[in-house]
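Asker: Structure for the following, please:
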Amino acid sequence: MNRESLRLVKQPNRATLQHWFTMSVILVLLIMLSMEGYVFGDSSFLNMTPQNERVACLGDSFVQGIGAQQDSSYPAHLARIINRSVDNYGITGHTTTDVIPRCQLFNETRYGVIILTIGTNDLIRDPFFGGLSPEQFESNLREIFRLLKDTGAIVVYTGVIGDLNYTAICQDEEVYYLPRVLENMIEPNVTSYESGGGDTRLLSSDNFHPNGEGYGVMAERIAVFLEQNGIVDWARTQAQELPEFFIAADSLMNQAEVKVKDISGMDELYAMAEFLRDEGYLEMARWELEENIIEVLTLILDNWDQVIMMFTEADATIKNLEENGYTREALIARGEYSKAEKEWDNLNYEGTNTFLQKIIDRAATIPESTHSAFLGLILLSKLLWRRSRY
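Answerer: Predicted structure coming up:
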């Protein structure tokens, strides 16, 4: 065989090259789409319009908001971000088995959008304590999807953990799927409640549930998803709007530092706002500045004389009572100090925006008896200290 014949044998023709190039491109695109979570099939449900503006969040402790104050749960943050009412149907410890019968609630109260976050307890718990196999969990999840869709609502599922093919399941059931809504907080392969394995800046003290900022990040991710899919429209905070809030917060912190000296707690909140801004969570950065720094410091500075007066009176009264034998140790022995601690925790859990009014209300209702007054003033002084130290 001569050199020309060899050259012709080795070199494929132009049409063949174009064919294989086209097939290669298609193959690469298929792989990329599958990695991004897209699934081929009927996606007409993605063009649905909510039947009304009502939004509900259903699920477990991640919905209820364990690890944060009630006004910092993800449904509370979501309501603020999208500027509409959002109802919280989260219950700590719930599994898909618990949620199935609760779906009937949505036959009585109709919602345009229902956001479901469930599965962590199913997949982490031992079967003896209600944990499920992946197969049973998937079966329950599909049933929940169908029950919720039967109410006419658009259903959004937010994945937290597990390695099921949630994309395919949601496509089959015509449900929107937002993967890894707690990314950087809860790792997808977590197997216990001891640690979520994520960024501790966004986790509460149990190192598993998000803190107020973590739930805010979760809410902002959901809000963006709802907007991108044409489900809910809302006005986003623009990057150029944030500097004015940082300037206002900085000014108030400088004023507070003159009076309080130590404002390290506010410094931490300011640093958190910077972190959220840098990570692209502009709604949460603005919230951190407005509600946790600007509003709180404004209340304290505007009512500074009241704060100092009440704190001084409470401190003096407690000192007088302790001199008469009403010591912390004596109350602990009778189990009564722990009651006061519990009541304090309940007070603190309600939120911070109206804390000065709570202080005034608490002072007005302190019982006259010495013993009860001591317990009441413990609450008062702790509440004052917790807020006025900033």
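Asker: Quick check: pLDDT value at residue 134.
Answerer: Listed pLDDT for residue 134 reads 86.
Asker: Quick check: it touching residue 166?
Answerer: No: between residue 134 and residue 166 there is no contact under Cβ atoms under 8 Å: 11.3 Å. (Each C-beta comes from the backbone N, C-alpha and C, glycine too.)
Asker: When these two are compared, which one has more neighbours?
Answerer: residue 166 (21 against 13; other Cβ atoms under 10 Å).
Asker: In contact with the more buried one, which residues?
Answerer: With contact taken as Cβ atoms under 8 Å, 6 or more residues apart in numbering, residue 166 is in contact with 157, 159, 177, 179.
Asker: Which residue is the nearest non-sequential neighbour of the last one?
Answerer: Of all residues beyond its chain neighbours, the one nearest residue 179 is residue 159 (4.8 Å), with distances taken as Cβ to Cβ, 6 or more residues apart in numbering.
Asker: Could you check how far the one you found is from residue 62?
Answerer: Residue 159 is 11 Å from residue 62, where distance means Cβ to Cβ, to the nearest Å.
Asker: Now do the residue nearest to residue 179: how many residues are near it, please.
Answerer: Residue 159 is flanked by 22 other residues according to other Cβ under 10 Å.
Asker: again with residue 50
Answerer: Neighbour number of residue 50 under other Cβ under 10 Å is 18.
Asker: SS state for it?
Answerer: Classification of residue 50 by DSSP: H, G, I helix; E, B strand; the rest coil places it in coil.
Asker: Excluding chain neighbours, give the residue nearest to it in space.
Answerer: residue 112 (3.0 Å).
Asker: surely the one you found meets residue 53?
Answerer: Yes: the pair residue 112 / residue 53 is scored as a contact, 5.8 Å apart, by Cβ under 8 Å.
Asker: Tabulate the contacts of residue 166 in a markdown table, adding columns for pLDDT, secondary structure and distance to residue 204.
Answerer: Below are the contacts of residue 166 laid out as a markdown table (pLDDT from 0 to 100; DSSP: H, G, I helix; E, B strand; the rest coil; distance: Cβ to Cβ, whole Å):
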| residue | pLDDT | secondary structure | distance to residue 204 |
| --- | --- | --- | --- |
| 157 | 96 | strand | 24 |
| 159 | 79 | coil | 21 |
| 177 | 95 | strand | 26 |
| 179 | 90 | coil | 23 |
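Asker: Most neighbours among the residues you listed, which one is it?
Answerer: In terms of neighbour count, residue 157 stands highest of those at 25 neighbours, by other Cβ under 10 Å.
Asker: residues touching that one, list them.
Answerer: Residues counted as contacts of residue 157 (Cβ under 8 Å, 6+ apart) are 116, 117, 141, 145, 166, 170, 175, 176, 177, 178.
Asker: Quick one: mark the members of the residues you listed that sit in strands.
Answerer: Residues of the contacts of residue 157 located in strands (DSSP state E): 116, 117, 176, 177, 178.
Asker: What's the separation between residue 144 and residue 95?
Answerer: 11 Å.
Asker: who touches both of those two?
Answerer: residue 118.
Asker: Check which residues of whichever strand or helix holds residue 137 are buried.
Answerer: According to DSSP states H and E, residue 137 maps onto helix 134-149. By neighbour count with 16 or more other Cβ atoms under 10 Å, helix 134-149 contains the buried residues 137, 138, 140, 141, 142, 144, 145, 147, 148, 149.
Asker: care to break this structure down by domain?
Answerer: The chain breaks down by automatic domain parsing into domains covering 3-35, 44-228, 239-302, 304-388.
Asker: dump the residue contacts of the closest residue to residue 234 other than its chain neighbours.
Answerer: Leaving aside its sequence neighbours, residue 234 sits nearest to residue 82 (Cβ to Cβ, 6+ apart; 4.3 Å). By Cβ under 8 Å, 6+ apart, the residues touching residue 82 are 55, 223, 226, 232, 234.
Asker: Out of these, which end up buried?
Answerer: Buried by 16+ other Cβ under 10 Å: 55, 223, 226, 232, out of these.
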